[in-house]
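*Asks:* Fold the following and give me the result.
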Amino acid sequence: MRKFELTVLGCGAAAPTPYFLTTSQLVNIHDHLILIDAGEGVQLTLRKQRVKFQRIRTILISHMHADHVMGLPGLIASMNLLGRKLELDIYGPQELESFVKGVWHKTETHIDFKVNFIAVDTKKPAELYRTNSYKVVSFPTKHRISTCGFRVEELSLVWNIKPYSKQKHAISLQEIVLLKKGE
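*Replies:* Numbers count the residues shown, from 1 in each chain. Purely as a prediction, here's the structure:
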């Protein structure tokens, strides 16, 4: 069975409290981990969920409010400290890269793995990337500043029907087309 899970790491607080943490969600789709937003305290909640930072493949940032980005520079620094070697793709507002690199510069933090910052156009929907089994799409949302939402869509499996099954069950070409569509 293919996995598709959403874990809410934090919501409902502009600042962390003992009961509510700032915005962060973790999507596990087919064992690919995608972090959506990285509010303050995201490292602690990832640890409480027993998520290895190194398994996060992609980070999506919706907008530049502090409760969505303040945990990001530290999370990436911790990934580095823990020996990450794999590249990390981060999708978000144009300003995100200068913000994160500015924090690293001021704190004299050096990152030894490749971090790719990809700017997202918050004004129109766009497919950000696609794998063989899912795709990630951004779309505009309404807020006080430029922002977007993200949708992770599972792609349909392509079904292969073995030649002997066609013969054994007398499946017509029309029925094969319907089966491949999932009907």
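
*Asks:* Give me the neighbour count for the closest residue in space to residue 131 that isn't next to it in sequence.
*Replies:* Spatial nearest neighbour of residue 131, excluding adjacent residues (C-beta to C-beta, 6 or more residues apart in numbering): residue 32 at 7.1 Å. Just so you know, the C-beta spots here come from the backbone N, C-alpha and C atoms, and that holds for glycine as well. Neighbour count for residue 32, taken as other C-beta atoms under 10 Å: 16.

*Asks:* For residue 38, see how far away residue 32 is.
*Replies:* Residue 32 sits 17 Å away from residue 38, going by C-beta to C-beta, to the nearest Å.

*Asks:* if we can go back for a sec, do you know the pLDDT at the residue nearest to residue 131?
*Replies:* pLDDT for residue 32: 95.

*Asks:* Ramachandran angles for it?
*Replies:* Main-chain torsions, residue 32, degrees, to the nearest 10: phi -100, psi 120.

*Asks:* what does residue 47 give?
*Replies:* phi -60, psi -40.

*Asks:* Give the bridge partners for the residue nearest to residue 131, please.
*Replies:* Beta-bridge partners of residue 32, counted by DSSP bridges, are residue 29.

*Asks:* pretty sure it contacts residue 135?
*Replies:* No. Using C-beta atoms under 8 Å, residue 32 is not in contact with residue 135; the gap is 11.7 Å.

*Asks:* residue contacts, the residue nearest the centre of the chain?
*Replies:* Centroid-nearest residue in the chain: residue 34, 2.8 Å away (criterion: C-alpha atoms, centre = their mean). If a contact means C-beta atoms under 8 Å, 6 or more residues apart in numbering, then residue 34 has 26-28, 56-60, 136, 152 as its contacts.

*Asks:* residues contacting residue 72?
*Replies:* Residue 72 neighbours (C-beta under 8 Å, 6+ apart): 38, 42, 59, 61, 90, 96, 100.

*Asks:* so which of these comes closest to residue 19?
*Replies:* residue 42 (16.4 Å; C-beta to C-beta).

*Asks:* Where do the helices of this protein begin and end?
*Replies:* All helices of the chain, identified by DSSP state H, fall at 42-48, 66-69, 72-81, 96-106, 163-169, 173-180.

*Asks:* so of those, which one's packed in deepest?
*Replies:* Most buried of the helices of the chain by mean neighbour count (mean count of other C-beta atoms under 10 Å) is helix 66-69; its value is a mean of 21.

*Asks:* Give me the residues contacting that helix.
*Replies:* With C-beta under 8 Å, 6+ apart as the test, helix 66-69 has contacts from 13-15, 22-23, 37-40, 61-62, 92, 96, 99.

*Asks:* Now, of the residues you listed, which are buried?
*Replies:* By neighbour count, with 16 or more other C-beta atoms under 10 Å, the contacts of helix 66-69 hold 13, 22-23, 37-40, 61-62, 92, 96, 99 as buried.
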